[in-house]
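Student: Provided below for reference: sequence and predicted model.
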Amino acid sequence: MPSEHLALVSLDIKSAFDTMNWPVLFKTLESYGFPSFFKNFIYFYLKNRRVFYTNDVLEISRPCSKGCPQGSVIAPTIWNIYINSILINDRPDLHIQAFADDLVLLIGGRTARELENKTNLILATISDKLEDLELKLSIEKCHAVVYRSITSQKFSKRNSTVLNRKPTFKIKNHSIKAESAAIEFAVNWAVKEKVKVNIHTDSLSSISAINSAYTRSEFVNKVKSNIFKAKNMVGLSWVKAHVGIPGNELADQQAKLSITSGKNFVIPAPYSHLKCLLKNYIVNKWNEYWNSYDSASGIRVRGYINQVSPKFLIHNKFLIYFLSGHGPFPSYLHRFNFLDSPHCICGMLGDADHYIFSCSLTKEFHLIKPADEHKKAWFNNLLSNRQAVTKMEGAFRTNRNICDTLTQERDHN
């Protein structure tokens, strides 16, 4: 990352320890293969918990069915297991650090546009994972800082600066559309009944989206248009959530009831969702084609690589020579009549494996040949082993010289 521009993004999970979903927790424990005794221990640790409020006049208690109990030595472990799916990261351009319920992302990109696209893609992915965990981000508490690369800092008077074009980062908010749909329903009702109303909502993000002149969501813009058509019949104001306002508490109660007994309400999916579906469809079709390709090179490559992925790209031509078997090898050049024989000058079949594992002429560059069942793991290790790749390059340069010699002899004859 030192040669790249960096984005430091701080994410705050809304009421994280109070909203940890217990069914999701046990589903997570099951997916990680935790033994039954551990799951039973956690179950009885959480069972029959109550929340107490006591003052000089009275004492009130309520049963507790969610949240991560704090104050015990096991609480941090439970929470880390719960959010582990977010912390798992195999991207070299992303570093994730968690502290309690706060997350920090460090993302690298060569240009402002690339940094922006990467960050927004990562934020969308994390938002989806949080939704699976029944958690939400506190949007107003999330912040981002952008730093120039070390290379570009040489041309700047300051050591940490923003880029010439400030990237725009978007945190995916799943609640905006639902809240906006409720606001639109109330507006349409007021217009139909010709009643002047003031709509109170605790969704500050929905109000911000409706007030913004830069909203690109077709659905939110439709809500804005309906509010405008209502003219002076509808007002919109923000109130704090869960502070005892009767109307707000009743709306919250009805929203919870709608989860189990409400009617389905169709809200158009955003373009990002469509892009995700198309990407998955293309990758699946790509893998279907990949697995059905029965040529000799296709079968050989599948022996080392499980499946295709847009994240996996090989730039080194020598690795491509080895995987495909298409390169400066007598066995390959013979297929196109560039050489009279598919054999090496040592008498063996001159293919990629021969020069990497057994040819006496490339002995100094040999690698240990993997067993068939270990080929995939062997190749994954090879990708990150610069010394082994250098040996492979040396072997293939040697056999290129061998092929050149054989070609010259053929032309001379």
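Tutor: Nice, thanks for sending it over.
Student: three-state assignment of the residue most central in space within the chain?
Tutor: The residue lying closest to the centre of the chain (C-alpha atoms, centre = their mean) is residue 125, at 4.1 Å. In three-state terms, and counting by DSSP: H, G, I helix; E, B strand; the rest coil, residue 125 is helix.
Student: ok, it to residue 355 distance?
Tutor: Applying C-beta to C-beta, to the nearest Å, the value for residue 125 to residue 355 is 42 Å. To be clear about C-beta, it is placed using only N, CA and C from the backbone, and glycine gets the same treatment.
Student: quick check: which element contains residue 199?
Tutor: Using DSSP states H and E, residue 199 maps to strand 197-201.
Student: residue 119 now?
Tutor: Assigned by DSSP H and E, residue 119 belongs to helix 112-132.
Student: next SSE downstream of the lowest-mean-pLDDT helix or strand in the chain?
Tutor: In the chain, no helix or strand scores lower on mean pLDDT, DSSP states H and E than helix 150-153, which sits at a mean of 44. Next in sequence after helix 150-153, counting helices and strands by DSSP H and E, comes helix 175-193.
Student: check which residues of that next one are buried.
Tutor: Residues 176-184, 186-187, 190-191 are the ones in helix 175-193 that count as buried (16 or more other C-beta atoms under 10 Å).
Student: just stretch 375-392 next, same as before
Tutor: Those would be 375, 378-379, 382, 388-389, 391-392, for stretch 375-392 by 16+ other C-beta under 10 Å.
Student: of those, which belong to helices?
Tutor: In helices, defined here by DSSP state H, the members of the buried residues of stretch 375-392 are 375, 378-379, 382, 388-389, 391-392.
Student: just flag the most distant two among the residues you listed.
Tutor: By the measure C-beta to C-beta, 375 and 391 form the most distant pair in these, at 17.5 Å.
Student: residue contacts, residue 286?
Tutor: By C-beta atoms under 8 Å, 6 or more residues apart in numbering, the residues touching residue 286 are residue 308.
Student: which helix or strand lies directly C-terminal to the strand or helix carrying it?
Tutor: Secondary structure from DSSP H and E places residue 286 in helix 271-292. Sequence-wise, the next helix or strand downstream of helix 271-292 (DSSP H and E) is helix 296-302.
Student: list the buried ones in the helix or strand that comes right after the strand holding residue 199?
Tutor: Using DSSP H and E, the helix or strand that follows strand 197-201 in sequence is helix 204-211. Applying a neighbour-count criterion of 16+ other C-beta under 10 Å, one finds 205-207, 209-210 buried in helix 204-211.
Student: can you put these in TSV and add distance to residue 141 and pLDDT?
Tutor: What follows is the buried residues of helix 204-211, written out as TSV (distance: C-beta to C-beta, whole Å; pLDDT from 0 to 100):
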residue	distance to residue 141	pLDDT
205	12	74
206	17	80
207	17	82
209	17	79
210	21	84
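Student: number of residues surrounding residue 29?
Tutor: For residue 29, the neighbour count with other C-beta atoms under 10 Å is 18.
Student: how about it: what's its closest non-neighbour residue?
Tutor: Leaving out its chain neighbours, the residue that sits closest to residue 29 by C-beta to C-beta, 6 or more residues apart in numbering is residue 39, at 5.3 Å.
Student: same check, this time on residue 236
Tutor: By the measure of C-beta to C-beta, 6+ apart, the closest residue to residue 236 outside its immediate chain neighbours is residue 199, 5.1 Å from it.
Student: now do that neighbour: how many residues are near it, please.
Tutor: Residues within reach of residue 199, counting by other C-beta under 10 Å, total 15.
Student: which residues touch it?
Tutor: By C-beta under 8 Å, 6+ apart, the residues touching residue 199 are 183, 186-187, 234-237.
Student: quick one, which of the buried residues of helix 175-193 has the minimum pLDDT?
Tutor: Among the buried residues of helix 175-193, residue 176 carries the lowest pLDDT, at 63.
Student: what about residue 397, which SS state?
Tutor: With three-state DSSP as the basis, residue 397 sits in helix.
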